[in-house]
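[1] mind folding the following:
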Amino acid sequence: MNIKDAMNGYFLAKRSERVAEGTLVQARYAIERFADHAEGVALADVTLDRLRAFMVWFAETPTARGTPPAGSTVQHNFKHLKTFFRWCVNEDLIPADPTDRLKKPRMDKLIAPCLTERQALDLLKGIKARGGPLAGRDYAIFHLFLSTGLRVAEMASLKRDDVLIEGQVIPVIKVMGKGRKERLIPLLPDARLELWKYIQRHRKPKMAQPSLFLSEHGLPLTDGGMQTMVSKRLLEFVNGTLSKHGPHLLRHSFATWYVKRGNDIKRLQLIMGHTDISTTDSYIRTLPTDITHEAAPEDRHLGLLDWLRKYAE
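    Residues are numbered from 1 along each chain as shown. Next up is the predicted model:
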């Protein structure tokens, strides 16, 4: 059996297990790259040395942007290859797992990029002043990103019924995260208000549409469409040089501010939807030493705009 035939069976199995589509896309990218690199090699003939050679090649080969892949991308490839070959063993396609002694690539511990409070305040002001039929929607999206730290796929998959802000003691949004794990994220009053404004004034669905955030045509806004919009607005309204311009920058910013406000890392882990607290810790461990301050007692209860105004330089 060749690698790509086994890969097709692997994805049939994972779809039957209802693995998230985003995870399957990443896995297909990793396994297909390996299959192409090992063209002509049977599944049973894959060796540890061949896997090591692929990992070196992948880590050193420039992407379409002309730079090597990020360390996190290399680690994702490693993880998906390990999972694939483990599945092949369990399905009796090969007698032993060639990745057993393949070590996880090390990743540089870089400072997580985030917006300053001034940049975030200018960004929100710019989006609101921009006007146009989608300004209300875009403002609500950015406000929610910076208030909750949602992943872009989580934001795009929100349904209208997931927003529990009316008649609730604690307003929350219901989020379906990675691994189809549901969690509730509390909303501060200003985030609740911005969502209410968007739903009542700006959300114009085409027929019965359950998705929360919609395109200009009243159809669901995809995660790709949301990512494009976020990148454009960051480039348009943020002064200064940013190393990243996508939704994950907003997630890092939320996590950074949450810690600066004196909140607990275990609570941050729950809000971020991290299975392993070491992932959450990476948002803090890589912070520059001068970024934290002695949080005032009222800081953790401030709404997003009040926080930004208080600490914007």
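[2] name all residues that make contact with the spatially most central residue of the chain.
    The chain has R151 as the residue nearest its centroid, 3.6 Å off, counting by C-alpha atoms, centre = their mean. Taking C-beta atoms under 8 Å, 6 or more residues apart in numbering as the criterion, R151 is in contact with 177-178, 247-248, 251, 273. Bear in mind the C-beta positions are built from the backbone N, C-alpha and C, glycine included.
[3] what is the burial count for P62?
    The number of residues packed near P62 is 9, by other C-beta atoms under 10 Å.
[4] and the spatially closest residue to it that is not a sequence neighbour, backbone torsions?
    Leaving aside its sequence neighbours, P62 sits nearest to P68 (C-beta to C-beta, 6 or more residues apart in numbering; 6.0 Å). Main-chain dihedrals, P68, degrees, to the nearest 10: phi -60, psi 160.
[5] next, work out how far apart P68 and A255 are.
    26 Å (C-beta to C-beta, to the nearest Å).
[6] ok, these two, which is more surrounded?
    Under the criterion of other C-beta under 10 Å, the comparison of P68 against A255 puts A255 first, with 25 against 14.
[7] phi, psi of the more buried one?
    With angles defined as degrees, to the nearest 10, A255 shows backbone torsions of phi -60, psi -40.
[8] mind listing what M207 touches?
    G218.
[9] the chain should start at 8 in everything you say after this.
    Got it, the first residue is 8 from now on, which makes the last one we talked about M214.
[10] just curious, which of the contacts of R158 is nearest to A71?
    Of all those, A71 sits closest to H255, with 18.4 Å by C-beta to C-beta.
[11] follow-up on the earlier one: pLDDT wise, what is the residue nearest to P69 at?
    pLDDT, the model's per-residue confidence, is 82 for P75.
[12] report the separation between it and Y17.
    Distance from P75 to Y17, by C-beta to C-beta: 27 Å.
[13] now list the buried members of the contacts of R158.
    184, 254-255, 258, 280 (16 or more other C-beta atoms under 10 Å).
[14] closest to D99 among those?
    Taking the buried ones among the contacts of R158 together and measuring to D99 by C-beta to C-beta, the closest member is G184, at 33.2 Å.
[15] these two touch, right, the closest one and E161?
    Yes - counting by C-beta atoms under 8 Å, G184 does reach E161; the two are 5.9 Å apart.
[16] can you list residues touching both of these two?
    Listed as contacting both G184 and E161 by C-beta under 8 Å, 6+ apart are G280.
[17] what segments of the stretch 58-207 of the chain are strands?
    Taking DSSP state E, counting those that start in this stretch to define them, one finds strands in the stretch 58-207 of the chain at 170-171, 179-183, 189-193.
[18] with mean neighbour count and mean pLDDT added, can I get the ones you listed in TSV?
    TSV is the format used below for those (neighbours: other C-beta atoms under 10 Å; pLDDT from 0 to 100):
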stretch	mean neighbour count	mean pLDDT
strand 170-171	18	84
strand 179-183	19	89
strand 189-193	15	90
